[in-house]
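*Asks:* attaching a predicted model along with its sequence, questions to come.
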Amino acid sequence: MSAPSIAELRAATQPEWLVGRADAEHWAGRLYMRRVSPYLTRVFLRAGLSANAVTALMIPTGLLAALVLSFPGLACAIGAALLIQLQLLLDCSDGEVARWRRTFSPLGIYLDQIAHYSTEAALPAALGVRADGGWDSIGGWTALGLGVSVLILLLKAETHLVLLARARSGQPVTEEEPADAPVTGTGRFRLRQGARLLPAVRPFQAVEASLLVLAAAVADAARGDLLGSRVLLAVLGCAGLLAVTGHLLALIASGRLR
């Protein structure tokens, strides 16, 4: 069976609603990865891999990136960043395989979420090991990295528990708060508007985190110490506390839980 051409793949698997909407996918996918992904998608189609199999490959790729990151040296930080780019490429290709074959399932969504959860929680833990100097000297920075991992998982849980709460109360899980919902109190309105920005803090996402860690590794190499990695980890810890608290307040103040 002959594989489709790249032009055919682009037409069928990259619809305008996907590539044209700013909130449809990651910025790196829109900027450059969608230009590359059809070539890998065609390889997967030739090999007979299912969309779920491609999605499943994201899990070990992300965890391997975290493992590589935990070792000292600039080369390891570069390797981790490249592996995260590979994970992003797989994330683009799995959907393209599904759209070409018209095979969609809850399992694919589940595996995708497991891949993102595990990667984004593992990266700060690995950064903690790195900030301590490696696996033979783990200590306080490793503990801080694990703490950031917990905060990231809490942030994600806050979002998905809204869907669970709505489903168990018999409300539609996809319903959003009305744009013209009445707001009482200027202070409360400002709290909600400001808190809504916090969950979108990009350093918690794998691509951005890997690039920040790479920048910190460059600073470490230039200085000959671990200050860059340690400062980054401390900033992530503070940002995580703010995001978890702000997100919780925003959800409670919203109309989705009423």
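*Replies:* Received, thanks. Predicted model, so just to flag it, every value in this text is computed and none were measured.

*Asks:* and the helix or strand containing Ala125, what's buried?
*Replies:* Using DSSP states H and E, Ala125 sits in helix 106-132. Neighbour-count burial for helix 106-132 flags 108, 111-112, 115-132 (criterion: 16 or more other C-beta atoms under 10 Å). For every residue, glycine as well, the C-beta is placed using N, CA and C.

*Asks:* what packs against it?
*Replies:* On a contact count with 3 or more C-beta pairs under 8 Å, 6 or more residues apart in numbering; DSSP states H and E, helix 106-132 meets helix 51-69, helix 74-101, helix 140-168, helix 206-223, helix 227-253.

*Asks:* now those helices in TSV, with distance to Leu9 and mean pLDDT?
*Replies:* Shown next, in TSV, are the helices and strands packed on helix 106-132 (distance: least, C-beta to C-beta, whole Å; pLDDT from 0 to 100):
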stretch	distance to Leu9	mean pLDDT
helix 51-69	14	97
helix 74-101	7	95
helix 140-168	31	94
helix 206-223	23	96
helix 227-253	37	95
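
*Asks:* among those, which is nearest Pro38?
*Replies:* helix 74-101 (6.6 Å; C-beta to C-beta).

*Asks:* got a list of what the closest residue to Arg101 other than its chain neighbours touches?
*Replies:* Nearest residue to Arg101, sequence neighbours excluded (C-beta to C-beta, 6 or more residues apart in numbering): Ala51, at 6.8 Å. Contacts for Ala51 (C-beta atoms under 8 Å, 6 or more residues apart in numbering) come out as Asp94, Gly95, Val97, Ala98, Arg101, Thr103, Phe104, Gly108.

*Asks:* can you rerun that using 7 Å?
*Replies:* Asp94, Val97, Ala98, Arg101, Thr103, Gly108 (C-beta atoms under 7 Å, 6 or more residues apart in numbering).

*Asks:* of these, select the buried ones using a PyMOL command.
*Replies:* Here is the PyMOL command that selects only those of those that count as buried (16+ other C-beta under 10 Å):
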select buried, resi 94+97+98+108
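
*Asks:* just the closest of the contacts of Ala51 to Leu211, please.
*Replies:* When the contacts of Ala51 are compared against Leu211 (criterion: C-beta to C-beta), the nearest one is Asp94, at 22.3 Å.

*Asks:* my read: that closest one touches Ala56, true?
*Replies:* No: using C-beta atoms under 7 Å, Asp94 is not in contact with Ala56, being 8.8 Å away.

*Asks:* ok so, going back, from the chain's centre, how far out does the helix holding Ala125 sit?
*Replies:* In this view, helix 106-132 has its centroid 8 Å away from the chain centroid, taken as C-alpha atoms, centre = their mean, to the nearest Å.

*Asks:* now it: mean pLDDT?
*Replies:* When pLDDT is averaged over helix 106-132, the result is 96.

*Asks:* stretch 5-18 too?
*Replies:* Rounded mean pLDDT across stretch 5-18 is 83.

*Asks:* contact partners of it?
*Replies:* Residues outside stretch 5-18 that contact it (C-beta under 7 Å, 6+ apart): Ala24, Glu25, Arg34, Pro38, Tyr39, Thr41, Arg42, Glu96, Arg99, Trp100.
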